[in-house]
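J.: what follows is a predicted protein model with its sequence.
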Amino acid sequence: MPETKKVSQLIDLIFTFTRQARQLMKDDSGSSPLNIIYAGTLKFIAETGDPTMKEVSDYLSIAPPSATFLINNLADSGQIKRTHDEKDRRIVRLSLTEKGKEDLKKHYQKVAERMKKIFSRLSEKEVEELFEVFNNLSRLLKD
């Protein structure tokens, strides 16, 4: 177990990194076409294939009313649509619209371009080590 000072420094680094990552998502005008939560939600919906509201809520680890607020915003912007489940009309399924697919694609292209610029400042070994650390952390957090 790392010493308390190291843990504190790591927490500070994580906060700094996430704040800077959010800044990275913004375009040159200072606005963000998709914030990280909206982009993550669209990606989850695209990859899952018609998830329910509960599945989105569970994935994001947020309360159902918060997920409803998020989904309402995505639906109002035309990025997702709601449909009733064919077998159980009480269940609402979510899917991306063409606009949602296009917005998600543009968002990831923009972020990828900016990440390439950042990674170009690191050595290939540093990028591999960073990737390994994030993979390990992701795996440990799932357990």
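T.: Structure received.

J.: which parts of this protein are strands?
T.: For the chain, applying DSSP state E gives strands covering 80-84, 92-96.

J.: most packed of those?
T.: strand 92-96 (a mean of 19; mean count of other Cβ atoms under 10 Å). Every C-beta, even on glycine, is put in place using the N, C-alpha and C of the backbone.

J.: now for that one, which elements pack on it?
T.: Helices and strands touching strand 92-96, as assessed by 3 or more Cβ pairs under 8 Å, 6 or more residues apart in numbering; DSSP states H and E, comprise helix 36-48, helix 53-60, strand 80-84.

J.: tell me the pLDDT of residue 32.
T.: pLDDT for residue 32: 54.

J.: so what are the domain limits for this structure?
T.: For the chain, automatic domain parsing gives the domain ranges 1-32, 34-142.

J.: what's the spacing between residue 114 and residue 20?
T.: 11 Å (Cβ to Cβ, to the nearest Å).

J.: just residue 121 next, same as before
T.: 14 Å.

J.: what's the closest non-adjacent residue to the spatially most central residue of the chain?
T.: Nearest to the geometric centre of the chain sits residue 40, at 2.6 Å (Cα atoms, centre = their mean). Spatial nearest neighbour of residue 40, excluding adjacent residues (Cβ to Cβ, 6 or more residues apart in numbering): residue 60 at 7.2 Å.

J.: now do the helices in the chain.
T.: Under the criterion DSSP state H, helices of the chain are mapped to 4-25, 36-48, 53-60, 64-76, 98-119, 124-142.

J.: nearest to residue 87, out of these?
T.: Nearest to residue 87 among the helices of the chain is helix 53-60; the distance by Cβ to Cβ comes to 15.7 Å.

J.: packing partners for that closest one?
T.: helix 36-48, helix 64-76, strand 92-96.

J.: residue 97 and residue 77 touch, don't they?
T.: No: using Cβ atoms under 8 Å, residue 97 makes no contact with residue 77, being 9.5 Å away.

J.: for the worst-scoring helix or strand of the chain on mean pLDDT, what is the distance to the chain centroid?
T.: In the chain, no helix or strand scores lower on mean pLDDT, DSSP states H and E than helix 4-25, which sits at a mean of 82. Put simply, helix 4-25 sits 17 Å off its chain's centre (Cα atoms, centre = their mean, to the nearest Å).
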